[in-house]
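Visitor: Sequence plus the predicted model coming up.
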Amino acid sequence: MRTIMDQLIIISNLAARLQETNDLAITHLKRTLTILGYDHTLSLITEAEALVAQGGIPTNDNTRKRTLGGTFFYLVRRDVSWKDRITIFGLSPSQQAQIFSWKTREVVYNEFSNPGITSSIQSTLSGKPSHAVIQPKRVILSFKIVPPTIGIAKDIQPPQDETFVTAYVSRKHWLRLVDQGYSDTNVTLKGQLFYDEGLEGLSFYAYKLKHTPEALSGISYQCVTSIDQVLIKKNLVLLKTIYNPSVSTIPNYLPPAPTNPTETMLYINRKAWKGIASDRPIHIDGFAYHDPLFSGITVSVRAIKSRGLPKHMRTENEHPHHDLEQTNSSD
C-alpha cells in the first residue's frame with residue numbers, strides 16, 4: 001500500500017511529465033488518480049503524448065492546439081462519467097448560482113458541441129389536419145399543434161406560436177379512414193418525428209393512423225439516447241441529442257427521410273435526473289414542439305430512466321464521452 005510520501009512523489013512525477021505547474025491542474029490530477037487509478041491515468045498520459053506528437057487537438061474555440069496537460073484532461077473528461085467529472089473538476093461559482101432563463105435559451109443552445117446519439121425514436125401525433133393533399137402513394141397532412149401548458153418541465157415556457165407539422169401517411173390508410181366515416185376531427189398518428197431543413201420545420205412519418213375525435217392535440221415523443229454533453233443548471237438539466245434519419249427504415253409508400261440529422265434539445269427536471277447512470281443509454285418520454293430559436297425538436301421531458309446497453313453498443317461505448325459545463329483546469 002502506498003504511503004502519503006509515495007503518492008506525493010507519483011503526483012509530482014506525473015505533473016512533471018504533463019508539464020503542469022498550475023496548482024488547480026495538479027489538484028485535478030490528484031482527483032483523477034483517485035477516480036481512475038494509477039494505471040488508467042498513466043495510459044491517458046501516454047495517449048495524450050501521442051496525440052500531441054501527431055499534431056495535437058484544438059481547443060473548443062479552435063484558436064490554438066491544446067497543451068499536453070490540456071490534452072490529458074480532455075481525455076479524462078472523455079473517460080469518466082458526468083458525476084465523476086464534477087468530482088474531479090468541480091463546477092464554476094457562476095454555474096453553481098446559475099438559474100436557467102427561458103428568455104436567454106439561445107445562448108444555452110450554442111454551448112453544446114457534443115450531442116448524445118439517439119438510437120431510436122417513436123412519436124405519437126394527435127390533432128386535426130388543416131389540409132390534406134392526396135397523392136398516388138401517400139397523403140400529406142398539415143397540422144397546427146399548440147405547445148402544451150401543463151405536464152412540462154418546470155421553468156419552461158414554450159412559445160405560444162403553434163407548431164406546424166407536415167405529416168406523411170399511406171394513401172391506403174387515409175382512404176380507409178375516410179370510408180369508415182372520418183369527419184373533420186382529431187386523428188392520431190404513430191411513427192417518427194424529424195426536423196426537416198428543407199421545410200424549416202417538423203415532419204412526421206406515420207406508420208399507423210387512427211380516428212380519435214376525443215384525443216387531445218399534441219406530440220408525444222419517446223427516444224433512446226446516449227448521454228454525452230450535459231448542462232446542469234440549478235433547476236434543470238439540458239441534454240442535446242442527434243439522430244441520423246438514414247438509420248430508419250421508411251416504408252416505400254412514404255417519401256425518403258430528411259437527409260439532415262435531427263437535433264433534439266431535451267429539458268429535464270433536475271430532480272428527475274437523480275439516479276441516472278451516465279454510462280448507459282436513457283429512455284426519454286416527453287412532449288415535443290418546435291422552438292423557433294432552435295433548428296430541431298424541443299422536448300419537455302416528463303419521464304426518464306436508464307436502460308441497459310443494447311448489444312450493438314456494448315463495445316462501442318466502453319469509454320462513453322461526457323461533457324459538462326465547468327471550469328477548465330487546462331487547455
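Guide: On my side now, so go ahead.
Visitor: Next up, the contacts around Gly37.
Guide: Neighbour list for Gly37: empty [criterion: C-beta atoms under 8 Å, 6 or more residues apart in numbering]. In this view, the C-beta of every residue, glycine as well, is placed from N, C-alpha and C.
Visitor: For it, give me the pLDDT.
Guide: Per-residue confidence (pLDDT) for Gly37: 90.
Visitor: Please report the distance of it from Asp79.
Guide: In this view, Gly37 and Asp79 are 12 Å apart by C-beta to C-beta, to the nearest Å.
Visitor: Counting neighbours, which bits of stretch 211-218 end up buried?
Guide: For stretch 211-218, a neighbour-count test (16 or more other C-beta atoms under 10 Å) marks 211, 215, 218 as buried.
Visitor: Would you check that Ser130 makes contact with Ile145?
Guide: No: using C-beta atoms under 8 Å, Ser130 is not in contact with Ile145; the gap is 10.5 Å.
Visitor: Now do the same for stretch 8-15: mean pLDDT, whole number.
Guide: 88.
Visitor: which residues are contacting that stretch?
Guide: Applying C-beta under 8 Å, 6+ apart, the set of residues contacting stretch 8-15 is 2, 21, 25-26, 29-30, 33, 38, 41-42, 45.
Visitor: How about stretch 191-208?
Guide: 121-123, 125, 143, 163-170, 173, 189-190, 219, 221, 243, 245, 248, 250-251, 254, 257-258, 260, 262-263, 288, 290, 295-297.
Visitor: With stretch 23-36 instead?
Guide: 7, 10-11, 14-15, 18, 20, 41, 44, 69, 73, 76, 79-80, 84, 87-89, 329-330.
Visitor: which stretches of the stretch 51-200 of the chain form strands?
Guide: In the stretch 51-200 of the chain, the strands defined using DSSP state E, counting those that start in this stretch lie at 116-127, 131-134, 138-145, 163-170, 187-196.
Visitor: Kindly reformat those strands as JSON lines containing mean pLDDT and distance to Lys305.
Guide: Compiled in JSON lines, the strands of the stretch 51-200 of the chain are given as follows (pLDDT from 0 to 100; distance: least, C-beta to C-beta, whole Å):
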{"stretch": "strand 116-127", "mean pLDDT": "93", "distance to Lys305": "15"}
{"stretch": "strand 131-134", "mean pLDDT": "93", "distance to Lys305": "38"}
{"stretch": "strand 138-145", "mean pLDDT": "95", "distance to Lys305": "26"}
{"stretch": "strand 163-170", "mean pLDDT": "96", "distance to Lys305": "26"}
{"stretch": "strand 187-196", "mean pLDDT": "96", "distance to Lys305": "21"}
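Visitor: between the ones you listed, which gets nearest to Gly56?
Guide: strand 116-127 (25.7 Å; C-beta to C-beta).
Visitor: for that closest one, the distance to its chain's centre please.
Guide: 13 Å (C-alpha atoms, centre = their mean, to the nearest Å).
Visitor: For that strand, which residues meet the burial criterion?
Guide: For strand 116-127, by 16+ other C-beta under 10 Å, it's 116-119, 121, 123-127.
Visitor: can you put those residues in JSON lines and add distance to Ser101?
Guide: Listed next are the buried residues of strand 116-127 as JSON lines, based on distance: C-beta to C-beta, whole Å:
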{"residue": "Gly116", "distance to Ser101": "23"}
{"residue": "Ile117", "distance to Ser101": "28"}
{"residue": "Thr118", "distance to Ser101": "26"}
{"residue": "Ser119", "distance to Ser101": "32"}
{"residue": "Ile121", "distance to Ser101": "29"}
{"residue": "Ser123", "distance to Ser101": "28"}
{"residue": "Thr124", "distance to Ser101": "31"}
{"residue": "Leu125", "distance to Ser101": "30"}
{"residue": "Ser126", "distance to Ser101": "31"}
{"residue": "Gly127", "distance to Ser101": "30"}
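Visitor: tally of neighbours for Lys144?
Guide: 14 (other C-beta atoms under 10 Å).
Visitor: Any of the contacts of stretch 8-15 buried? List them.
Guide: If you count burial by 16+ other C-beta under 10 Å, the buried members of the contacts of stretch 8-15 come out as 25-26, 29-30, 33, 41, 45.
Visitor: Output those residues as TSV; include the columns distance to Asp228.
Guide: Shown next, in TSV, are these (distance: C-beta to C-beta, whole Å):
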residue	distance to Asp228
Ala25	24
Ile26	28
Leu29	24
Lys30	26
Leu33	25
Thr41	22
Ile45	24
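Visitor: Run through the residues that contact Thr298.
Guide: For Thr298, the contacting residues are 158, 264-265, 267, 288-291, by C-beta under 8 Å, 6+ apart.
Visitor: which one among those residues gets closest to Val237?
Guide: Tyr267 (8.1 Å).
Visitor: Look up the residues forming beta bridges with the closest one.
Guide: When bridges are called by DSSP bridges, Tyr267 pairs up with Leu238, Ser300.
Visitor: Tell me where the model's unsure across the chain.
Guide: Residue ranges of the chain with pLDDT under 70: 1-5, 60, 82, 91-99, 148-160, 278, 308-331.
Visitor: If anything else comes up later, I'll come back, but that's it for now.
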